[in-house]
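**Student:** based on what follows, work out the 3D shape:
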Amino acid sequence: MAKPRIGKKSVSTKFRERVRQAVRAIPEGRVMTYGTVAGKAGFPGAARAVGSLMKGNYDEAIPCHRVVRADGKMGGYNRGGSRQKALLLRKEGVPFISTDRVKL
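**Tutor:** Sure thing, here's the model as predicted:
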């Protein structure tokens, strides 16, 4: 079965582009939840899909470490795990409310 299309691009291609654009826009020292990224990308309710996309992101221009779970916990990070993600966020000045949870 062919992928649904939006104009000339498939939904999955459009989704990836929009998610990457939304994540690139997160400024240093700030975070956004997977759900918020999905909404900003125009796909509300696609938080898990955002997580899956970020899991496979190795493009350093896309700061996927700035995307966290809805409860403020780190979630996964493919470049060193949640401890590395927390370390990067601390270096950027993101406020934490506990050792593994950022202030949203």
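**Student:** the longest helix in the protein is where?
**Tutor:** Scanning the chain for the helix with the most residues, using DSSP state H, yields helix 11-24.
**Student:** the next helix or strand after that helix pairs with which strands?
**Tutor:** Using DSSP states H and E, the helix or strand that follows helix 11-24 in sequence is strand 32-33. Strand 32-33 sits in its sheet next to strand 67-68 (parallel), going by DSSP bridges.
**Student:** could you pull up the mean pLDDT of the partner strand?
**Tutor:** Mean pLDDT, strand 67-68: 98.
**Student:** sorry, back to before: may I see the buried residues of the longest helix of the chain?
**Tutor:** Using 16 or more other Cβ atoms under 10 Å as the test for burial, helix 11-24 gives Lys14, Phe15, Arg16, Arg18, Val19, Arg20, Ala22, Val23. C-beta here means a position set from N, CA and C on the backbone, and glycine is covered the same way.
**Student:** contact partners for the one residue sitting closest to the centre of the chain?
**Tutor:** Central residue of the chain (Cα atoms, centre = their mean): Val67, 3.7 Å from the mean position. Taking Cβ atoms under 8 Å, 6 or more residues apart in numbering, we find Val67 in contact with Val23, Ile26, Val31, Met32, Thr33, Tyr34, Val37, Val50, Gly51, Met54, Gly75.
**Student:** and the helix or strand encompassing Gly35, what does it pack onto?
**Tutor:** Per DSSP H and E: Gly35 is located in helix 34-40. Judged by 3 or more Cβ pairs under 8 Å, 6 or more residues apart in numbering; DSSP states H and E, helix 34-40 is in contact with helix 11-24, helix 47-55, strand 67-68.
**Student:** hey, what's the angle from the longest one to helix 47-55? Just curious.
**Tutor:** Going by axes from the mean of the first three to the mean of the last three Cα atoms, to 10 degrees, helix 11-24 is angled at 70 degrees with respect to helix 47-55.
**Student:** mind checking how far helix 11-24 is from the chain centre?
**Tutor:** From the chain centre to the centre of helix 11-24 is a distance of 10 Å (Cα atoms, centre = their mean, to the nearest Å).
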